[in-house]
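Colleague: Quick one, what's the 3D model for this:
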Amino acid sequence: MASVVEQAPPRASLIYDPRVRGFFFQGVLVLLIGWMAYEAVSNAVDNLRAARIASGFGFLEQPAGFDINQTFIEYSSSISTYGDALIVGLLNTLIVAAIGIVLATIIGFAAGIARLSKNWILRKVASAYVEIIRNLPLLLQLLFWYNAVLSSLPGARDAIQLAPGFYLSVRGLSLPAAVFDDRAVLILIAFVVGIVGAFLVRRWAKARQAATGEQFPLGLTTLGLVVGFPILAWLLLTLTGGTPITFDVPVQGRFNLTGGSQLFPEFVALVLGLAIYTGAFIAEVVRAGILAVSRGQTEAASSLGLKPGQTMRFVVIPQAMRVIVPPLTSQFLNLTKNSSLAVAIGYPDLVQVFMGTVLNQTGQAVEVVAITMAVYLIISLITSFFMNIYNQRIALVER
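Modeller: Below you'll find the model as predicted:
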């Protein structure tokens, strides 16, 4: 009996193979994107050549020739370059972002906890703050703080004294300026040593608590190391050869304020506007994080005799942080990017200095825009990197 030879099933056409089709369409997409990028670059080069504008980053070494009112480093219009102006604008942006993040976090946590308070007045005031601030444009709030609040302050001769050496006027906030001599670097070293010591003590205390259950006063110890070491170094330096740090305190005269340092109204308005606006969003993030913690945790803490404040501090907030941190990171990034609205009130941040003045004077549009975008991208990536590290440290570890 003749054996039946089984025939192999016919192979399907490559057109119907999902993998082949996937590679084909991805290749077409890559070619399309490459062609669009090539056309964009070629068009930019042709336009620059037609306008007789030299490309490259050599303009950063050219003299700037313009003044910047708020600077935290030495800057002179006669000798500083466009690269120096870039550093000044970047530093102004970073300082505003850092101060704004700290203030917004404090305001947000306070308002978020207050929204869950049993006190009716406190709860309603916090709710009104969140609902009003979140639903008003940030640009409008910046203009309000700058034009309606700070511009109506008295002149320098009638400045409001907030504290000894601190004056608030239409010219901004005048405050004492620290003057350092060569030995002041030892105080900085003592501060760094204190931070390292606090970190080591914290690790030891956590290991000790895990092994024995006994708590260690980390708060007072950290404060003593971080603050005490620099103070001790300052005292020793003062006793051995005079104080290494002196303060130039503002003095209110008949017509003006002299001495000290000055934070211009644009800086104050920008920090206030960003902190209060972002704090309203952080308040909702904090409230949502607290509500995500099971009520049983609060009841268990109360049964152990913990007071409401201790329950919130030691039980609820540590667990809520796992929910709070991811959206909190987004709010930090939003605050940093929203600082670019400083151009509306004349604060010399990165956008106002580099995208405004430098771009208008040099005409290097492609290079200026590319540098500005890269700076904001790097700031955002660094912020996200450290917040992700913190998020991983507080995440639940499953056994």
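
Colleague: give me the low-pLDDT residue ranges for the stretch 251-399 of the chain?
Modeller: For the stretch 251-399 of the chain, the stretches flagged by pLDDT under 70 are 396-399.

Colleague: Stretch 235-250: which residues count as buried?
Modeller: By neighbour count on 16 or more other C-beta atoms under 10 Å, the buried set for stretch 235-250 is Leu237, Pro244, Pro250. (C-beta placed from N, C-alpha, C; glycine too.)

Colleague: Out of these, list just those in helices.
Modeller: The members of the buried residues of stretch 235-250 that map onto helices under DSSP state H are Leu237.

Colleague: Need the buried residues of stretch 235-250 in TSV (columns: distance to Leu186 and pLDDT).
Modeller: Output for the buried residues of stretch 235-250, formatted as TSV (distance: C-beta to C-beta, whole Å; pLDDT from 0 to 100):
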residue	distance to Leu186	pLDDT
Leu237	6	82
Pro244	7	80
Pro250	28	85
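
Colleague: Looking at the buried residues of stretch 235-250, spot the one nearest Leu94.
Modeller: Using C-beta to C-beta, Pro250 is the member of the buried residues of stretch 235-250 that lies nearest Leu94, at 25.3 Å.

Colleague: now the helices for the chain?
Modeller: Under DSSP H, the chain gives helices at 18-50, 82-114, 120-134, 138-143, 185-212, 218-241, 265-291, 295-303, 308-311, 317-338, 350, 359-362, 365-394.

Colleague: hmm, who's touching the third one?
Modeller: Judged by C-beta atoms under 8 Å, 6 or more residues apart in numbering, the contacts made with helix 120-134 from elsewhere in the structure are 111-112, 114-117, 141, 276-277, 279-281, 283-284.

Colleague: how about a cut-off of 6 Å?
Modeller: Applying C-beta atoms under 6 Å, 6 or more residues apart in numbering, the contact partners of helix 120-134 are Ala111, Ala114, Arg115, Ser117, Tyr277, Ala280, Ala283.

Colleague: What is the neighbour count of the last one?
Modeller: Here the count is done by other C-beta atoms under 10 Å, and Ala283 has 26 residues near it.

Colleague: and what of the one 10 residues further on?
Modeller: Residue crowding around Val293 was assessed by other C-beta under 10 Å; the count is 17.

Colleague: That one touches Pro318, doesn't it?
Modeller: No - contact between Val293 and Pro318 fails when scored by C-beta atoms under 6 Å: they sit 9.3 Å apart.

Colleague: what residue ranges in the stretch 51-200 of the chain are flagged as low confidence?
Modeller: Within the stretch 51-200 of the chain, the segments meeting pLDDT under 70 span 53-54.

Colleague: let's go with 90 and repeat that
Modeller: Along the stretch 51-200 of the chain, the model assigns pLDDT under 90 to residues 51-85, 116-119, 146-191, 194, 197-200.

Colleague: rewinding a little: wait, which of the contacts of helix 120-134 is closest to Val30?
Modeller: Ranked by distance to Val30 (C-beta to C-beta), the contacts of helix 120-134 are led by Tyr277 at 41.1 Å.

Colleague: mind listing what that closest one touches?
Modeller: Counted by C-beta under 6 Å, 6+ apart, Tyr277 has contacts Ile133, Leu138, Gln141.

Colleague: Pick the most deeply packed of the helices of the chain.
Modeller: Highest mean neighbour count of the helices of the chain: helix 350, a mean of 28 (counted as mean count of other C-beta atoms under 10 Å).

Colleague: from the contacts of Tyr277, which single one is nearest Ala198?
Modeller: The shortest approach to Ala198 among those belongs to Ile133, at 35.2 Å (C-beta to C-beta).

Colleague: so how far is Glu284 from the closest residue to Ile282 other than its chain neighbours?
Modeller: Setting aside the residues directly before and after it, Ile282 is nearest to Gly108 in space (C-beta to C-beta, 6 or more residues apart in numbering), at 2.6 Å. Using C-beta to C-beta, to the nearest Å, we find Gly108 at a distance of 8 Å from Glu284.

Colleague: Likewise for Asn47?
Modeller: Taking C-beta to C-beta, one finds Asn47 at 46 Å from Glu284.

Colleague: and if you look at Ala320?
Modeller: Applying C-beta to C-beta, the value for Ala320 to Glu284 is 13 Å.

Colleague: do the same with Val125
Modeller: Taken as C-beta to C-beta, the span from Val125 to Glu284 is 15 Å.

Colleague: Check the separation of the first and last residues in stretch 283-297.
Modeller: This stretch, stretch 283-297, spans 21 Å end to end (C-alpha to C-alpha, to the nearest Å).

Colleague: residues in contact with that stretch?
Modeller: Residues outside stretch 283-297 that contact it (C-beta under 6 Å, 6+ apart) are 108-109, 111-112, 115, 130, 315-316, 319-320, 323-324, 327-328.

Colleague: Tell me the one of those nearest Leu173?
Modeller: The shortest approach to Leu173 among those belongs to Gly108, at 23.1 Å (C-beta to C-beta).

Colleague: Pull the number of nearby residues for the closest residue to Leu175 other than its chain neighbours.
Modeller: Nearest residue to Leu175 in three dimensions, chain neighbours excluded: Phe166, at 5.2 Å (C-beta to C-beta, 6+ apart). As a burial measure, Phe166 scores 16 neighbours (other C-beta under 10 Å).

Colleague: what does the one 3 residues further on give?
Modeller: Number of residues near Ser169 (other C-beta under 10 Å) recorded here: 22.

Colleague: wait, what's in contact with the residue nearest to Ile282?
Modeller: Gly279, Ile282, Ala283, Val286.

Colleague: Setting the sequence-adjacent residues aside, check what's closest to the third one.
Modeller: Going back to what we said before, that points to Ala283. Ala283 sits nearest to Ala111 (C-beta to C-beta, 6+ apart), 3.7 Å away.
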